[in-house]
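1. Here's my sequence, what's the structure:
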Amino acid sequence: MTEPADWEQAGFGIYLHWPFCAAKCPYCDFNSHVAATIDHDRWRRAYLSELRRGAAFTQGRVLTSVFFGGGTPSLMAPETVDAVLSEIRRHWPVANDLEVTLEANPTSVEAGRFAAYRAAGVNRISMGIQSLDDESLRRLGRLHTASEARRAFSVARETFPRVSFDLIYARQAQSAAAWRTELAEALSMAIDHLSLYQLTIEPGTAFGTRHAAGGLSDLPDEDLAADLYDVTQEICEAHGMPAYEISNHARDGAESRHNLIYWRAGDFLGIGPGAHGRLTLPDRRVATETLLSPAIWLDAVERQGTGESRIEPLAMADQATEYLMMSLRLAEGTDLNRLARLGLTLDPSALADLADLDLLTVSAARISATPSGRRVLNGLLRRLLAV
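-> Residues are numbered from 1 along each chain as shown. The predicted structure is shown next:
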């Protein structure tokens, strides 16, 4: 009997990137753009074309997840979502419990549109609420209010069987007490999944420019940011939603199946401008990228039959490193036997040292970062990889 390919340890998914937003948030470094007009028919045809191209070398795989990311995919025409999911079902067998996630912003929520997404096959919404405090939303450049976010969340809960939402913490002038109150409200909103991200200031963003010029002076210092992280873990644990990944919390069984494909180093087809992919072909595993500019990507698909900009073979050593880096983000940690099959055996003395420092839990078959280890994950990985 043939041994399963490595990617089958995690499954196969499709990521589809919708690059348009109503406005560009000042902290955002994603490939998102504001457009005065969008030709939805052209975009629909381009997505279907790229799906057919991707199916040519992945046919027969059981698909476990589809993720519409962005940008703001809840600005997509429901007809496009329906056409994409219909095309996917034509080309791939799908798991009985196929997860289909669509990202949404509260400003683009409307009951009729959501009902159409649900009818098309979307069964999970990931909502970018970011804060339940109006002043924080204003500072983050969000277009919605806290009350609008609550109403949008209610519409989503009435329409979809699974709903997650994002919050950002370690924001300007945020205290631990204020975060406790806000997080307690979030956890009371009958949800089973939360993504909780510390605000990071990225170069090239509006916040990055402002910070470099001496602005954003009331951001939390390192000690307060660490306290806010600890508060997050404490409150979520107490509510039965522990962190299954550094920034993601869920009740048992409600984890994001699509993101688990990434963190467990599975295969995924990336479609749309700026989308990345990982695919195992008969003779090699490759990393793929697509053209970043929406206009250039769309033109390339129409004229050349592909929006891909790069296909790069992944050496076994790179696959092993990537698996270690991604899997250690998870509470379940890293399968050492799988890592060894990819050609990487970790130094036993490094493992022992990190275990003694309470940064790593080590068994014969697995390693996982402790709560202390998650705080310093980059340093922990440098020690394990000796770089």
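
2. can you tell me how far the residue nearest to the spatial centre of the chain sits from A275?
-> Central residue of the chain (Cα atoms, centre = their mean): N259, 5.6 Å from the mean position. Going from N259 to A275 by Cβ to Cβ, to the nearest Å gives 15 Å. Glycine gets a C-beta too; all of them are placed from N, C-alpha and C.

3. Considering helices and strands only, name the one in the chain with the lowest mean pLDDT.
-> helix 206-212 (a mean of 86; mean pLDDT, DSSP states H and E).

4. Please compute how far it lies from its chain's middle.
-> Relative to its chain's centre, helix 206-212 lies at 24 Å (Cα atoms, centre = their mean, to the nearest Å).

5. got a list of contacts for it?
-> Taking contacts as Cβ atoms under 8 Å, 6 or more residues apart in numbering, the residues outside helix 206-212 that touch it are 24, 26-27, 141, 201-202, 216, 219.

6. Write the ChimeraX selection for whichever of those are buried.
-> A single ChimeraX command selects the buried members of the contacts of helix 206-212 (16 or more other Cβ atoms under 10 Å):
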select :26,27,201,216,219
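
7. low pLDDT regions in the protein?
-> Applying pLDDT under 70 to the chain flags residues 1-3, 387.

8. got the domain boundaries for it?
-> For the chain, automatic domain parsing gives the domain ranges 6-263, 332-385.

9. where does the closest residue to G121 other than its chain neighbours sit relative to A287, distance-wise?
-> Closest residue to G121 apart from its sequence neighbours, by Cβ to Cβ, 6 or more residues apart in numbering: L85 at 4.4 Å. Here the criterion is Cβ to Cβ. By it, L85 lies 26 Å from A287.

10. all strands for the stretch 51-200 of the chain, in order.
-> 63-70, 94-104, 124-130, 162-169, 193-198 (DSSP state E, counting those that start in this stretch).

11. again, but for the stretch 251-387 of the chain
-> Using DSSP E, counting those that start in this stretch, strands in the stretch 251-387 of the chain cover 267-271, 276-280, 285-290, 308-313, 334-335, 360-362, 366-369.

12. So which of those strands has the densest surroundings on average?
-> Of all the strands of the stretch 251-387 of the chain, strand 267-271 has the most neighbours on average by mean count of other Cβ atoms under 10 Å, namely a mean of 25.

13. contact partners of that strand?
-> Counting by Cβ under 8 Å, 6+ apart, residues outside strand 267-271 touching it are 7, 10-17, 47, 50-51, 54, 58, 61, 261-262, 276-280, 288-290, 307.

14. So the residue nearest to G121 sits against A120, correct?
-> Yes. With contact defined as Cβ atoms under 8 Å, L85 reaches A120; the gap is 5.4 Å.

15. For the stretch 251-387 of the chain, which segments count as helices?
-> Secondary structure of the stretch 251-387 of the chain (DSSP state H, counting those that start in this stretch): helices located at 257-263, 294-304, 316-327, 336-341, 348-356, 371-375, 377-385.

16. what does the stretch 101-250 of the chain give?
-> Counting by DSSP H, counting those that start in this stretch, the helices of the stretch 101-250 of the chain are 111-120, 134-139, 146-159, 176-187, 206-212, 222-238.

17. Turn those into a markdown table, including mean neighbour count.
-> Listed next are the helices of the stretch 101-250 of the chain as a markdown table, based on neighbours: other Cβ atoms under 10 Å:
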| stretch | mean neighbour count |
| --- | --- |
| helix 111-120 | 17 |
| helix 134-139 | 17 |
| helix 146-159 | 18 |
| helix 176-187 | 16 |
| helix 206-212 | 16 |
| helix 222-238 | 15 |
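
18. Now the ones you listed in TSV, please, with extra columns for distance to A170.
-> Listed next are those as TSV, based on distance: least, Cβ to Cβ, whole Å:
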stretch	distance to A170
helix 111-120	31
helix 134-139	11
helix 146-159	18
helix 176-187	9
helix 206-212	13
helix 222-238	5
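
19. Neighbours of the closest residue to L260 other than its chain neighbours, how many?
-> Of all residues not flanking L260 in the chain, A10 sits nearest, at 6.8 Å (Cβ to Cβ, 6+ apart). Using other Cβ atoms under 10 Å, A10 is surrounded by 23 other residues.

20. check contacts around A10.
-> 260-261, 264-267 are the contacts of A10 under Cβ under 8 Å, 6+ apart.

21. what about 7 Å?
-> 260-261, 264-266 (Cβ atoms under 7 Å, 6 or more residues apart in numbering).

22. next one: N105
-> N105 neighbours (Cβ under 7 Å, 6+ apart): 72, 74, 128.

23. Apply 8 Å and report the result again.
-> Neighbours of N105 in contact, by Cβ under 8 Å, 6+ apart: 21-22, 72, 74, 127-128, 143-144.

24. Next, find the distance separating it from A22.
-> Taken as Cβ to Cβ, the span from N105 to A22 is 7 Å.

25. Need the residues touching each of those two.
-> 72, 143.

26. Which of the strands of the stretch 51-200 of the chain sits closest to D299?
-> D299 sits nearest to strand 63-70 of all the strands of the stretch 51-200 of the chain, at 19.8 Å, using Cβ to Cβ.
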